[in-house]
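> Sequence first, then the predicted structure:
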Amino acid sequence: MTVDTATEARPALPALLAETLGTALLVAIVIGSGIAAQSLSPGQTGLQLLQNSVATTLGLGVLIAVFGPLSGAHFNPVVTVADDLLARRPARARVARIAGYLAAQFVGGVLGALLASVMFALPPRLSSQDRATPAHLIAEVVATAGLVIVVFVLQRTGRGHWAAPAVAAYIGAAYWFTSSTSFANPAVTVARMFTDTFAGISPASVTPFVIAQVVGGVVGVGAVILLVPRPSTADSPAPTDS
């Protein structure tokens, strides 16, 4: 998530392809490792979560490193919107850029969920796993706010090159310190609705989760502005076509 401050009105095709492919691979990693963990360690929820979190941490770090120079490696609507708000882009550029990125992320997420099902020879099926308890929703606010703080404090203090290991490590940790296992991403949340496996979330739980993530994004943006009112120009990420 090497976000940038470029002001292009529309994201270039390579950036949109990078966001689509990156989000698809991220969801495939999350769901696929969850299916594998459930198969290899039946009945051992803690071990399943460990396997799922390790695979996600490693995969996310690689994806950010690979796709960061192309699109900023957002893979997350909350990160995309926060990036545009903090960069204070003109309204017209903001709408076009956000629309392109969000479409790529949501489409990529669903494709990744379908790919995971195909790889494990499972029929695509809506999840029956209800997750929307008050504790889980508070956890999603915390997880998403923390993610935004990590991404943009690094970016605004000129340390965007740390994004791949830092964001991956944060998500890996948040699997364990939040009761929701840190979805922290509306596109991934919607995608995980299409798998009735370890990593799934029921359709009824999706909307509350997404609302909690949006709230967390707002909290995170506010914290970033208070912590780093003015971005540093030193060691900033190279502008991309995103």
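Here it is on my side, so go on.
> drop to CA atoms for contacts and neighbour counts, all remaining ones
Fine.
> Need phi/psi at R88.
phi 50, psi 50 (degrees, to the nearest 10).
> quick one: I64 and H161 touch, right?
No - contact between I64 and H161 fails when scored by C-alpha atoms under 8 Å: they sit 10.2 Å apart.
> More neighbours: which of these two?
Applying other C-alpha atoms under 10 Å to I64 and H161 shows that I64 carries more neighbours, namely 25 against 18.
> Relative to A18, how far out is that one?
Note on I64: its distance to A18, by C-alpha to C-alpha, to the nearest Å, is 10 Å.
> quick one: pLDDT of R159?
pLDDT recorded at R159 is 95.
> sorry, that was for T5
For T5, pLDDT reads 40.
> Check the one 4 residues further on too.
Reading off the per-residue confidence, A9 sits at a pLDDT of 53.
> quick thing: my sequence starts at 42, can you match it?
Let's use 42 as the start, then, which means that last one is A50.
> re the thing from before, which neighbours do I105 and A59 share?
Residues touching both I105 and A59 by C-alpha atoms under 8 Å, 6 or more residues apart in numbering: A114.
> What strand or helix carries S74?
For S74, the host element (DSSP states H and E) is helix 54-81.
> From the contact counts, what lies against that helix?
Counting contacts by 3 or more C-alpha pairs under 8 Å, 6 or more residues apart in numbering; DSSP states H and E, helix 54-81 packs against helix 86-112, helix 132-160, helix 227-232.
> tell me the phi and psi of Q85?
Main-chain torsions, Q85, degrees, to the nearest 10: phi -110, psi 80.
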